[in-house]
Every structure is written in structure tokens, then in C-alpha cells.
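In: Have a look at this prediction, sequence included:
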Amino acid sequence: MEFNIRPVNFDEADLLADVERSAAQRFVEIGMQSIAEAEPTDPEFIGTVAAFGGAFVAARPEDDYPVGFILVGLLDKAAHIYEISVAEEYGRQGIGRMLIEEASRFAGAEGVNALTLSTFHNVAWNGPLYEQLGFRYLSRAEWTPALHILHKLEKQHGLEVERRAFMRLDLE
């Protein structure tokens, strides 16, 4: 099935919350119930990313309904993926890859040559998948100032930071 990649519409926050909740259910399978039960991304944050960065959806062509999304913005001379989610029923169809390609185009348009993200390194559809897409793990010595701040925020929000890693994809 083909999907359309387009900017997020202002009135889609509830639909994106549904996508995020659906995507998070995969974490139940691996004993990470807290991820599955977490509140979806704040609509105000989504709006801010849309206004100052890039917020894109993968939508079904027949009705333009969002089934995945990515939030990306500039952070320390790279385009940082704040979030990527694909509804469970649409998983494993290449939507995540399409959204990352859109984030790469966004990065190029903004004049930066790298994508970064924070992910669970030991979850099959996280770190190992990003490695297949060309991302590499960053050592702590390679973290930028903003990545240190993000790490602290993840810890404050109760994420298991020992299972998390920062990754980078060089686009040149």
C-alpha cells in the first residue's frame, strides 16, 4: 500500500495521539508497560514542532487519515527526531522508513547534514532497526550539549535511560 507523506494539519492532534497509543502497545509484548501507558505527546508540542521544525504524517491515500507521524527539529547543528510513531496495524510496511526519509529531506532543506535521535538500544524496532537504516550509536563523548539535556529530561520523565542511546545518521 502507498502512503502520502505530508505536513501535519493543525487539527490532527487527537488523531496523532491515537497513532501514538497504538504504536506504544508493542511495548507491552516486551514488558515495558509504562511506555504503553504513557500519555501521548502534548498537542502544544506538536504544534510548536510544526511551526518551528517539521511535523509530518504518513496518511492513507484513500481518505488522508494519518497512520504514522514524525516530529523533527533543529538541535545542535543536526535535525533531531523527537518522535516517530506508526499505528500498530500499519507497522512493518515501510512507513517508518518513509518518515525518516522525509526527516532527511527536512534536514537538507534546513542546511544540516545529520539526523539524531534517542531510542531504546535493545528493542528490535528501535535501535537495531535504525542501525539498518544507517544510524550509528553515539558514544557519550560525542553527545552535544542538547543531547545531555535530553538525557536528563528522559531520566526525569522516568525512562529507563540505561536502555536508551543516542544515534546519528550522517546525510552527506
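Out: Yes, it's here. Numbers count the residues shown, from 1 in each chain.
In: quick one, longest helix in the protein?
Out: The single longest helix within the chain, with elements called by DSSP state H, is helix 95-109.
In: helices and strands around that helix, which ones?
Out: If you count contacts as 3 or more Cβ pairs under 8 Å, 6 or more residues apart in numbering; DSSP states H and E, helix 95-109 packs onto strand 4-7, strand 54-59, strand 66-75, strand 78-86, strand 114-120. Using the backbone N, CA and C atoms, a C-beta is placed for each residue, glycine as well.
In: what about Gly111, distance to Glu102?
Out: Computed as Cβ to Cβ, to the nearest Å, the Gly111 to Glu102 distance reads 17 Å.
In: Wait, Glu88 touches Gln25, no?
Out: Yes: at 5.6 Å, Glu88 and Gln25 qualify as touching, with contact defined as Cβ atoms under 8 Å.
In: returning to what we had before: what would the helices and strands packed on helix 95-109 look like in TSV with mean neighbour count and distance to His151?
Out: Formatted as TSV, those follow (neighbours: other Cβ atoms under 10 Å; distance: least, Cβ to Cβ, whole Å):
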stretch	mean neighbour count	distance to His151
strand 4-7	14	29
strand 54-59	24	23
strand 66-75	24	13
strand 78-86	24	13
strand 114-120	22	8
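In: neighbour-wise, which of Gly111 and Glu102 wins?
Out: In this view Gly111 and Glu102 are compared by other Cβ atoms under 10 Å, and Glu102 has more residues nearby, 19 against 9.
In: wait, isn't Phe135 in contact with Asp170?
Out: No: Phe135 lies out of contact with Asp170 (Cβ under 8 Å); the separation is 9.2 Å.
In: Could you check which of the two is surrounded by more residues?
Out: Phe135 (23 against 11).
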